[in-house]
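Student: Have a look at this fold, sequence not included:
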């Protein structure tokens, strides 16, 4: 299995631009998670899906952030408009059982907003 | 009090030594505990789950102390390849969803 796939791996954009991050979970996994990691705040859960349905989006910072999962093999996290404080590493993770079990992380997308 | 608290380190340890670090958590309703490992500029990966009775996996031993609300990780005969950041992870418990990650303890094994 290829593991969780994320794209792009690096993204540099200017403030105000739209950013779309993509994730393909491990086949057969029912749970998908989006995290953000910064030095100051560590790893934070933004939103997670179960069977393509958003379950908890309380971690989404504000309305500029949105996430979708149109099917079992694809999810997007969109930031519009982006701001410099959004600069972070964004990880996608998936899990095949209870969400509290092992989560398999993708390699992450390093986002820099200038 | 932070939900999950760890000493950020870095812990500088000579190769072959034994090193231990703790993590405290604030939510007494938490039921699931894990140690994840994160290499520099890489994604976190599960190292081991932490069970109430404690558990061992090769050179690694994890312990849980519910009364004092902390978990520990012990690494024996440390290797250069053990250099990484170790993240303490706790579920929120009490019916609430989500995992809470500590900010990690940075370990450097020196030759």
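Tutor: Perfect, I can see it now. Computed from a predicted model, the values in this text were never measured in an experiment.
Student: Looks like residue B:5 contacts residue B:24 (just checking).
Tutor: Yes - with the criterion set as C-beta atoms under 8 Å, residue B:5 and residue B:24 qualify as a contacting pair; they are 4.9 Å apart. In short, each C-beta sits where N, CA and C put it, glycine included.
Student: So which of those two has more stuff around it?
Tutor: More crowded of residue B:5 and residue B:24, by other C-beta atoms under 10 Å in any protein chain shown: residue B:24, with 19 against 16.
Student: Would you mind naming what in chain A lies close to chain B?
Tutor: By the criterion of C-beta under 8 Å from any C-beta of the partner chain, the positions of chain A lying close to chain B are A:42-45, A:48, A:55-56, A:59, A:91, A:99-100, A:102-103, A:105-108.
Student: Can you flag the buried ones in the residues you listed?
Tutor: A:42-45, A:48, A:56, A:59, A:91, A:99-100, A:103, A:105-108 (16 or more other C-beta atoms under 10 Å in any protein chain shown).
Student: Check which residues of whichever strand or helix holds residue A:70 are buried.
Tutor: Here residue A:70, judged by DSSP states H and E, is contained in strand A:65-71. When burial is assessed from 16+ other C-beta under 10 Å, strand A:65-71 yields the following buried residues: A:65, A:67, A:69.
Student: ok, residue B:41 to residue B:10 distance?
Tutor: If you measure residue B:41 against residue B:10 using C-beta to C-beta, to the nearest Å, the figure is 16 Å.
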